[in-house]
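K.L.:
okay, predicted coordinates and the sequence, questions at the end:
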Amino acid sequence: MSVKFDELGLESGLLDSLRGAGFSQAFPIQARAIPVLLAGRDVIGQAHTGAGKTLAFALPMLQRIDRSDGVQGLVVVPTRELALQVAKEFQKLARSMRVNVIPLYGGEGINNQIRNLEDGGPQIVIATPGRLLDHLERRTISLNRVGFLVLDEADRMLDMGFIEDVEDIIRAITGRHQTALFSATMPDEIVELAQKHMKNPETVFVDSDEISVDTVDQRYVWLREEEKFSTLCNILKVENGEKMLIFCDTRIRAGRLAMELRSAGFGATSLHGDLSQKQRNIAMGSFRRGDTPILVATDVAARGLDIFGVSHVLNYDLPHEALVYFHRIGRTARAGKPGTAFSLVTSYDEDGFERIRGMTSMNIKEEKNVLGPVSHNVRLPPRPRKLSGGREWDNRPRMRPEQRGRWNHDRERTTVTIKSRSGMPTIQYGL
């Protein structure tokens, strides 16, 4: 049964903002979570990307803000793209409310953010974990007035190794606060986090781990690694989609593949962690407007980014986690529109592909008439090799015995600096 926003106890100013944005019917996650959050209860919400989680926590938070000075609402998100997207949604809703909302994320000069925090001060902050901890260490932000905390895409933060940072942030909130945790999946570590830091939370599960993708036309091509590029070109020519999203394993492969596609005459750009924030904004803007029909991305674009009108998703490198596959192809066939997903499958992907096929209720059809010849003139970086005894992937450059390396880890990026003992120039790789 459909529920309208004006039935959920929201104040008139927020309802006007919703009507101005063209929203009248609430999504299931919104209809179930908003009344509970307005009542002051903690909430654990599970719903897949695109199910409307942002409005489910943004509307109650905005209604509970008292518009005085100090950060009262905090949303922690895994990526800078999601921080910008969530902040934009808050800002649209808060236009008539005199509520200041700012995003804090890495990849941008921290001094500009410090000035934004000082000039009048925000009531709501949308932040990535690493940059928020940087501000806490510099004492440029205080969380002692936070009364509403949201952990968005919690499983993604777990995947990216941010859970310890999230716990540090929770400990920095000195007052009593309401907590909402939203996640597409609920691994054990997320359940433990909720049990540790939440007070008798209400569970709002509108999706289960059994993912339905009945509206996506799923196809695959069985081929050799050397046939991938020419086969991809054939698919792009035959399908001729409006917006086509291609996924690669690593940042280096994504950037190189976009370059090779441009050389082959296709309009392509890339999105990955080695780009500056300005470059990311240009790439996303061009793709969203349709100026560039092909976006080559790492999994940073698989979660949290709301890209409307994607006609095709292509797995140039098939993920080895089945849930990642479904999050990727969930970028298409949205809002009742059809969508197509192609996967290029090699012997390297055999085990992972069988797990994917075992989880989908639809048959993934084999496509044979798009197979291309071996691409001798295309040299993409090799795919990462799997570490023994674990699920992680080793993206590090292989070093000869006479080389030594120094590793540097920070919250936004990992680099390795290699310096040859024979006096060769130092090389720095961003991973």
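P.N.:
Arrived safely.

K.L.:
Ala47 contacts Phe182, doesn't it?
P.N.:
Yes - proximity of Ala47 to Phe182 meets the contact threshold set by Cβ atoms under 8 Å, at 7.2 Å. For the C-beta atoms, the positions are set from N, CA and C on the backbone; glycine is no exception.

K.L.:
what touches both of these two?
P.N.:
Common contacts of Ala47 and Phe182 (Cβ atoms under 8 Å, 6 or more residues apart in numbering): 53, 56.

K.L.:
what about the two, which has more around it?
P.N.:
Legend: neighbour count by other Cβ atoms under 10 Å for Ala47 and Phe182, higher for Phe182 (25 against 22).

K.L.:
skip the chain neighbours and tell me the closest residue to Leu151.
P.N.:
For Leu151, ignoring the flanking residues on the chain, the nearest one in space by Cβ to Cβ, 6 or more residues apart in numbering is Leu181 at 4.6 Å.

K.L.:
what is the mean pLDDT for the host helix or strand of that neighbour?
P.N.:
Using DSSP states H and E, Leu181 sits in strand 178-183. Confidence for strand 178-183, expressed as mean pLDDT, is 94.

K.L.:
do the same with stretch 9-24
P.N.:
Summarised as a single mean, pLDDT over stretch 9-24 is 86.

K.L.:
list the buried ones in it?
P.N.:
By neighbour count on 16 or more other Cβ atoms under 10 Å, the buried set for stretch 9-24 is 10, 14-15, 17-18, 23.

K.L.:
looking at those residues, which are in helices?
P.N.:
14-15, 17-18 (DSSP state H).

K.L.:
so the nearest residue to Asp168 once chain neighbours are set aside, which of the three states?
P.N.:
If the residues on either side of it in the chain are set aside, Asp168 comes closest to Leu133, at 6.2 Å by Cβ to Cβ, 6+ apart. Following DSSP: H, G, I helix; E, B strand; the rest coil, Leu133 is assigned to helix.

K.L.:
do the same with Gly175
P.N.:
Assigned by three-state DSSP, the conformation of Gly175 is coil.

K.L.:
now it: how far from Arg256?
P.N.:
Going from Gly175 to Arg256 by Cβ to Cβ, to the nearest Å gives 49 Å.

K.L.:
picking that back up, sheet-wise, list the partners of the strand holding Leu181 with their directions.
P.N.:
In the sheet, strand 178-183 lines up against strand 43-46 (parallel), strand 148-151 (parallel) (DSSP bridges).

K.L.:
and it, which residues are buried?
P.N.:
Quick answer for strand 178-183 (16+ other Cβ under 10 Å): 178-183.

K.L.:
and the contacts of it?
P.N.:
Under the contact criterion Cβ under 8 Å, 6+ apart, strand 178-183 has outside partners 33, 37, 40-47, 53, 56-57, 64, 147-155, 190, 193-194, 197-199, 201.

K.L.:
and these, which of them are buried?
P.N.:
For the contacts of strand 178-183, buried by 16+ other Cβ under 10 Å: 33, 37, 41-47, 53, 56-57, 147-155, 190, 193-194, 197-198, 201.

K.L.:
hmm, back to that, so between Gly175 and Arg256, which is more surrounded?
P.N.:
More neighbours surround Arg256 than the other of Gly175 and Arg256, with 18 against 10 (other Cβ under 10 Å).

K.L.:
wait, that one touches Pro381, no?
P.N.:
Yes - using Cβ under 8 Å, Arg256 is in contact with Pro381, at 6.2 Å.

K.L.:
out of the buried residues of stretch 9-24, which is nearest to Ile110?
P.N.:
Taking Cβ to Cβ as the measure, Ser17 is the one of the buried residues of stretch 9-24 closest to Ile110, at 31.0 Å.

K.L.:
so what's that closest one up against?
P.N.:
92-96.

K.L.:
I'd like to know how far it sits from Leu62.
P.N.:
In terms of Cβ to Cβ, Ser17 sits 9 Å off from Leu62.

K.L.:
quick check: neighbours shared by these two?
P.N.:
With Cβ under 8 Å, 6+ apart, Ser17 and Leu62 have common neighbours 93-94.

K.L.:
which one is Glu226 nearest to, not counting chain neighbours?
P.N.:
Val374 (4.4 Å).

K.L.:
scratch that, Leu158 is what I was asking about
P.N.:
Spatial nearest neighbour of Leu158, chain neighbours left out: Glu189 (5.4 Å); criterion: Cβ to Cβ, 6+ apart.

K.L.:
in which helix or strand does the one you found reside?
P.N.:
Assigned by DSSP H and E, Glu189 belongs to helix 188-197.
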